[in-house]
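> sequence isn't available, so here's the structure alone:
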């Protein structure tokens, strides 16, 4: 029997690694037991709406995916999908916060720099 908490954690680890290392393929692999959930998550996240940031995947979207593909989503799979979505949204929020930080010059501050700024 597979430990569903362990599997959920591994899937979230793979997701976080892939988000942190886009384009790299040398990271952790999706466990065989989680490939179906991973595939469903990728399908759902590809249709994710975006406003001020990515929107969570709704239960309605999951239900629609299930109905359209004629593949029922089991309760434990729903739990894993929600955990993956939460990890995705957290990573997106952290990336957004990093982008909001003001740029800091690598040049040391000097009186000449100060004078040049206000001489304009």
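Ah, there it is. The model shown is predicted, which means the values in this text are computed figures rather than measured ones. Residues are numbered from 1 along each chain as shown.

> contacts, neighbours, all on C-alpha from now
Will do.

> helix, strand or coil for residue 45?
helix (DSSP: H, G, I helix; E, B strand; the rest coil).

> quick one: it and residue 54 touch, right?
No - judged on C-alpha atoms under 8 Å, residue 45 makes no contact with residue 54 at a distance of 9.3 Å.

> between those two, who's got more neighbours?
Set residue 45 next to residue 54 and count neighbours by other C-alpha atoms under 10 Å: residue 45 wins out with 17 against 14.

> got the contact list for the more buried one?
The neighbours of residue 45, taking C-alpha atoms under 8 Å, 6 or more residues apart in numbering as the test, are residue 57.

> so which helix or strand takes in residue 81?
Per DSSP states H and E, residue 81 falls inside helix 75-99.

> quick one: the strands in this structure?
With strands called from DSSP state E, the chain shows none.

> name the residue closest to the centre of it, please.
By C-alpha atoms, centre = their mean, the mean C-alpha position of the chain lies nearest to residue 88, the distance being 2.4 Å.

> residue contacts, that residue?
Counting by C-alpha under 8 Å, 6+ apart, residue 88 makes contact with 15, 16.

> I'd like to know the average pLDDT value across the helix holding residue 81.
Average pLDDT, helix 75-99: 90.

> same deal with stretch 18-34?
91.

> go through it and flag the buried ones.
Using 16 or more other C-alpha atoms under 10 Å as the burial criterion, the residues of stretch 18-34 that qualify are 18, 30, 34.

> what sits against the last one?
When contacts are counted by C-alpha under 8 Å, 6+ apart, residue 34 is found next to 7, 11.
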